[in-house]
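K.L.:
Just the structure for this:
(one chain, ligands or ions: 1)
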Amino acid sequence: MKRIDGKAIATQIKNDIKTEVAALIDNEQPAPHLAAVIVGEDPASQTYISSKDKACKEVGITSSIYRYPANLSEEELLEVVDFLNNDDDVSGFIVQLPLPEHIDANKVIQRISPEKDVDGFHPQNMGKLVMGLPSLLPATPYGIMLLLEKYKIETSGKHCVVLGRSNIVGTPVSLLMSRKASPGDATVTICHSRTKNLKEICLQADILIAAIGQPNFVTADMVKEGAVVIDVGIHRIPDEKAEKGYHITGDVDFENVSKKTSFITPVPGGVGAMTIAALLLNTMKAFKKDF
Ligand code: GUN
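P.N.:
As a prediction, the model looks like this:
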């Protein structure tokens, strides 16, 4: 079993970005600027936003956070999006999901200027992804593709099973895996809550991408010997013995599944670290208008 070290690859990517930003500043150009909007107090969202802020500071990208209480109206949030769309100093921005229930997330996403949509969620960017045109890619799928590339994992002709069909991970990663590209060229099956014979399908996977949102959902009896397993889940499990009162686990029962895999991503230190690195890459692309 080889552990895919997302943290190490993310560090390499961040070092390259740091060098590029330093060169911009030496040439008296402005630093790229990533803004994030967060509405409400969702703890996972708070963690993601502070990781993003820290990563920006490490590489010299300007970071700003727009925090609003959960009772912000949809109209007020759309005004914030308009403001960021029109602020020439902002290279790109994200609106953290999930949003409170009274706000229509799709309406907000559609209001973001596609050129500043570093999450790659706008229908224009999603449409380009479907067509195989260059675009800003959603950060988690982009990070997964970078990991497969860096570890030279063969994907062509392989059977890739994706668990989960969200717009954030499952749907875009399945499109990227089936694209005529490298990594890509895989035969892809998407599974979801209505899938029958889930275990049998998972057992056929050469590459299994778990983005189902349930802790330790993928067990060893669902995984073929020698498979590649990519774990997208991040869950806080209450744990009295842990210093913080919780430990982090993924969608995969790492301890037992890892005994059967050729490659596997750990949680933490796998896909999560790459998501932030991919977001920074997208910010550089938006800054350079190069995508
Ligand atoms: N919530 C969970 N993942 C993401 C993400 O990649 N982007 C945003 N904006 N919200 C999220």
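K.L.:
Isn't Ser174 up against Leu163?
P.N.:
No: if you go by Cβ atoms under 8 Å, Ser174 and Leu163 don't touch, sitting 10.3 Å apart. Backbone N, C-alpha and C define where each C-beta goes, glycine included.
K.L.:
So which bits of the chain are right by the ligand?
P.N.:
Ile94, Val95, Gln96, Leu97, Asp119, Ala139, Thr140, Ile168 (Cβ under 6 Å from any ligand atom).
K.L.:
which two from those residues end up farthest apart in space?
P.N.:
Greatest spatial distance in those: Val95 and Thr140, 15.8 Å, computed using Cβ to Cβ.
K.L.:
SS state for Pro100?
P.N.:
coil (DSSP: H, G, I helix; E, B strand; the rest coil).
K.L.:
Give me the pLDDT for it.
P.N.:
pLDDT for Pro100: 97.
K.L.:
what ranges do the strands span in the stretch 1-150 of the chain?
P.N.:
With DSSP state E, counting those that start in this stretch as the criterion, the stretch 1-150 of the chain has strands at 2-3, 33-39, 62-68, 92-95.
K.L.:
Let's have these in JSON lines, adding mean pLDDT.
P.N.:
Formatted as JSON lines, the strands of the stretch 1-150 of the chain follow (pLDDT from 0 to 100):
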{"stretch": "strand 2-3", "mean pLDDT": "96"}
{"stretch": "strand 33-39", "mean pLDDT": "98"}
{"stretch": "strand 62-68", "mean pLDDT": "98"}
{"stretch": "strand 92-95", "mean pLDDT": "98"}
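K.L.:
Turn these into TSV, including distance to Thr195 and mean neighbour count.
P.N.:
Listed next are these as TSV, based on distance: least, Cβ to Cβ, whole Å; neighbours: other Cβ atoms under 10 Å:
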stretch	distance to Thr195	mean neighbour count
strand 2-3	28	13
strand 33-39	33	24
strand 62-68	37	16
strand 92-95	30	25
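K.L.:
what sits against Leu99?
P.N.:
Counting by Cβ atoms under 8 Å, 6 or more residues apart in numbering, Leu99 touches Val39, Gly40, Leu77, Ala105, Val108.
K.L.:
rerun at 10 Å
P.N.:
Leu99 makes contact with 37-40, 42, 45, 70, 72, 74, 77, 105, 107-109, according to Cβ atoms under 10 Å, 6 or more residues apart in numbering.
K.L.:
Just the buried subset of those residues, please.
P.N.:
The neighbour count (16 or more other Cβ atoms under 10 Å) marks Val37, Ile38, Val39, Gly40, Asp42, Ser45, Leu72, Glu74, Leu77, Ala105, Val108, Ile109 as buried among the contacts of Leu99.
K.L.:
Closest one of those to the ligand?
P.N.:
Ser45 (6.4 Å; Cβ to the nearest ligand atom).
K.L.:
Identify the residues contacting the closest one.
P.N.:
Residues near Ser45 by Cβ under 10 Å, 6+ apart: Ala36, Ile38, Val39, Gln96, Leu97, Pro98, Leu99.
K.L.:
How about Lys224?
P.N.:
Lys224 sits next to His159, Val161, Cys202, Leu203, Gln204, Ala205, Asp206, Leu208, Lys260, Thr261 when contact means Cβ under 10 Å, 6+ apart.
K.L.:
if I read this right, Arg3 contacts Thr261, doesn't it?
P.N.:
Yes: under the criterion of Cβ atoms under 10 Å, Arg3 makes contact with Thr261 at 9.4 Å.
K.L.:
Thanks again, I'm all set now.
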